[in-house]
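>>> after the sequence you'll find the predicted model.
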Amino acid sequence: MSAHVAAPGSVRRTWTPRLVPAALVCLAAPVLFVVQIVWLGWIVLAIAVASAVLVDRLAGTPIVPVRDAPPVPSIARDVFLIALGQFVVSLIPLQAELDDAAFVRFTLALGGAVILPYVLSRFVFGDRAIRFPWRGGGRWAWWQWAWLVGVIVLGWLILPFYFITSGVYTNWPVVDTPELIARLFVGVGAVGIWDELFFVCTVFALLRRHFPDVSANVLQAVVFVSFLWELGYQAWGPVLTIPFALVQGFLFLRTRSLWYVVTVHLLFDAVVFGVLVHAHNPGLVSIFLL
């Protein structure tokens, strides 16, 4: 079994009634974070939860956990947890800002989007669906170390071209002082870690309880990429962020290690940080354009 308990393979089929609420809760993300019609996104989340309750009732799946009985994956509970996380994130604007108030907003909203579903799953539903296996997977294999190098090389080859030629670097504030550069470094890294805690360890983990790994990965990528869009990865950014989201899900399945996927993400974000600093300070010597 994986670090996240999933239903047996014979049960985890894509084309079941459970796909309707799962697809709805994930498609709410483009409404919330791409189109940015927040009230409409909330309606889609509500419809997703309501349809999930209906699916569970028709299937005879208990929505409320039965005391002293083995937990049965409930699409209603899991869709609700995903919807709750998205709802909390949608309460704040996601445009990158570096002032103290923005740091507080992001900490409360992003932190709440991870903590609230975890607490409900662990202490209310009692099914431990959401876990954070930092030490999972054992020692890293040779290909894992090779991929870390590959991430840096690919980032160096792609990201400067993307940010500068598309102009999306202007979606981030100008960083022209040591304090702002330090704040950008902390902010980019913190959001990168949060991405894996929410999209992989929460959204992906919950969806895997009901669907094959490939289907669950595609669904979580919809939420992942939508969030990154509002954060600033716009223009032709999805050409980069869609493969990145899918690969991160695959790596988590293969390695069973949150620490590894976070390391990959932080290395990628280190290149993003360097490109943003250089883009806002063209005279600054930068290894990215050597």
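On my side now, so go ahead.

>>> use CA for all of it now, contacts and neighbours both
Fine.

>>> from Arg131, how far out is Leu206?
10 Å (CA to CA, to the nearest Å).

>>> neighbour count for the two, which is higher?
Using other CA atoms under 10 Å as the criterion, Leu206 and Arg131 rank with Leu206 on top: 28 against 17.

>>> next, the contact list for that one, please.
78-79, 82, 129-130 (CA atoms under 8 Å, 6 or more residues apart in numbering).

>>> which strand or helix spans it?
helix 205-208 (DSSP states H and E).

>>> pull the CA atoms of that helix into CSV?
Written as CSV, here are the backbone C-alpha positions of helix 205-208 (Å, rounded to 0.1, in the frame of the first residue of the first chain):
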residue,chain,number,x,y,z
ALA,A,205,-4.0,11.7,-2.0
LEU,A,206,-7.8,12.1,-1.6
LEU,A,207,-8.6,11.5,-5.2
ARG,A,208,-6.4,8.4,-5.3
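
>>> low-confidence ranges in the stretch 51-200 of the chain?
Residue ranges of the stretch 51-200 of the chain with pLDDT under 70: 68-70.

>>> ok, which stretches of it are helices?
In the stretch 51-200 of the chain, the helices defined using DSSP state H, counting those that start in this stretch lie at 75-89, 100-119, 142-166, 178-195.

>>> quick check, distance from whichever strand or helix holds His278 to the centre of its chain.
Using DSSP H and E, the element containing His278 is helix 258-280. From the chain centre to the centre of helix 258-280 is a distance of 15 Å (CA atoms, centre = their mean, to the nearest Å).

>>> pull the CA atoms of that helix into CSV?
Extracted as CSV, the C-alpha positions of helix 258-280 are listed here (Å, rounded to 0.1, in the frame of the first residue of the first chain):
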residue,chain,number,x,y,z
LEU,A,258,7.4,14.2,0.3
TRP,A,259,11.0,15.3,1.0
TYR,A,260,12.0,14.4,-2.5
VAL,A,261,9.2,16.1,-4.4
VAL,A,262,9.7,19.2,-2.2
THR,A,263,13.4,19.2,-3.0
VAL,A,264,12.6,19.0,-6.7
HIS,A,265,10.2,21.9,-6.4
LEU,A,266,12.6,24.0,-4.4
LEU,A,267,15.4,23.5,-6.9
PHE,A,268,13.0,24.6,-9.7
ASP,A,269,11.9,27.6,-7.6
ALA,A,270,15.5,28.5,-7.0
VAL,A,271,15.9,29.1,-10.7
VAL,A,272,12.6,31.0,-10.7
PHE,A,273,13.9,33.2,-7.9
GLY,A,274,17.2,33.9,-9.8
VAL,A,275,15.3,34.8,-13.0
LEU,A,276,13.0,37.2,-11.2
VAL,A,277,15.9,38.9,-9.5
HIS,A,278,17.7,39.3,-12.8
ALA,A,279,14.6,40.4,-14.7
HIS,A,280,14.0,43.3,-12.3
